[in-house]
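In: structure of the sequence below:
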Amino acid sequence: MNTPISFGASFIQKMPIRKYSFQTETYAPSYANLVELNPHDLYDVNALDEIAYDFGNDSYADNIAYDAKKAFKRKNMKCEPFLAIALTLQEDNFEKLKSNDVIGIAEIFKRKKDEIELVYLQTHPKYVYSIPPRKIKNIGTSILDYLKQTHNKISLLSASSPLRFYLNNGFRMVSQDSFRLVWDKKHKKIK
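Out: Numbers count the residues shown, from 1 in each chain. Okay, here's the model as predicted:
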């Protein structure tokens with residue numbers, strides 16, 4: 001499905017990824033665009049539904065779309081803790097996002113000004129479960145790098161997450177019982 005979705009996503013910034021070149025058989029630096037989707041904009045909520053459809057049923061993207069609908073119903077715009085960001089190959093015209101250009105998506109729950117909980121992070125399955133070599137790499141890492149730039153502390157539950165991925169990206173396990181992982185900009189010991 002390559003139907004443009006009308007919505008008002010906000011461009012955040014370009015993020016580095018790596019694309020495979022079949023000519024050189026190596027990964028070359030490239031960029032994708034990070035956008036924020038507003039849970040209080042019906043077009044953005046519908047865009048998340050389209051993205052979830054493109055990622056496949058029963059995915060984290062599907063859960064993000066569901067949570068966006070709950071946030072939309074709250075109509076609590078000033079203190080809304082829900083935030084969704086997407087990484088897309090689309091170069092411009094973000095008000096008409098192409099769902100099949102979205103390569104990664106994340107849901108964030110804002111705890112404090114510079115402290116968040118990463119609820120879901122998903123790379124599009126066609127880049128994870130493809131026959132090697134993958135066409136694009138560093139999608140999830142790129143999203144995490146943005147979150148690290150903009151927040152002092154990121155926590156998440158790793159029970160359903162790829163533990164090694166987060167440990168390789170600087171997270172530490174702080175509780176074996178609850179599988180809680182934390183990344184802290186100050187690199188202090190988390191109690």
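In: thought residue 37 was touching residue 49?
Out: No - when contacts are counted by CB atoms under 8 Å, residue 37 is not listed as touching residue 49 (11.0 Å). Using the backbone N, CA and C atoms, a C-beta is placed for each residue, glycine as well.
In: more crowded one of these two?
Out: For residue 37 and residue 49, the more surrounded residue by other CB atoms under 10 Å is residue 37, and the numbers stand at 26 against 18.
In: quick check: that one vs residue 179, distance?
Out: If you measure residue 37 against residue 179 using CB to CB, to the nearest Å, the figure is 28 Å.
In: same deal with residue 146?
Out: Using CB to CB, one obtains 24 Å as the distance from residue 146 to residue 179.
In: part of a strand, is residue 86?
Out: Yes - the assignment for residue 86, made by DSSP: H, G, I helix; E, B strand; the rest coil, places it in a strand.
In: that one contacts residue 35, correct?
Out: Yes - Residue 86 is within contact range of residue 35, at 5.4 Å (criterion: CB under 8 Å).
In: more neighbours: these two, which one.
Out: For residue 86 and residue 35, the more surrounded residue by other CB under 10 Å is residue 86, and the numbers stand at 29 against 23.
In: could you identify the helix or strand that succeeds the helix or strand bottoming out on mean pLDDT in the chain?
Out: Taking mean pLDDT, DSSP states H and E as the measure, the helices and strands of the chain show their lowest mean at strand 4-6, namely a mean of 45. The first helix or strand that comes after strand 4-6 along the chain, using DSSP states H and E, is strand 10-21.
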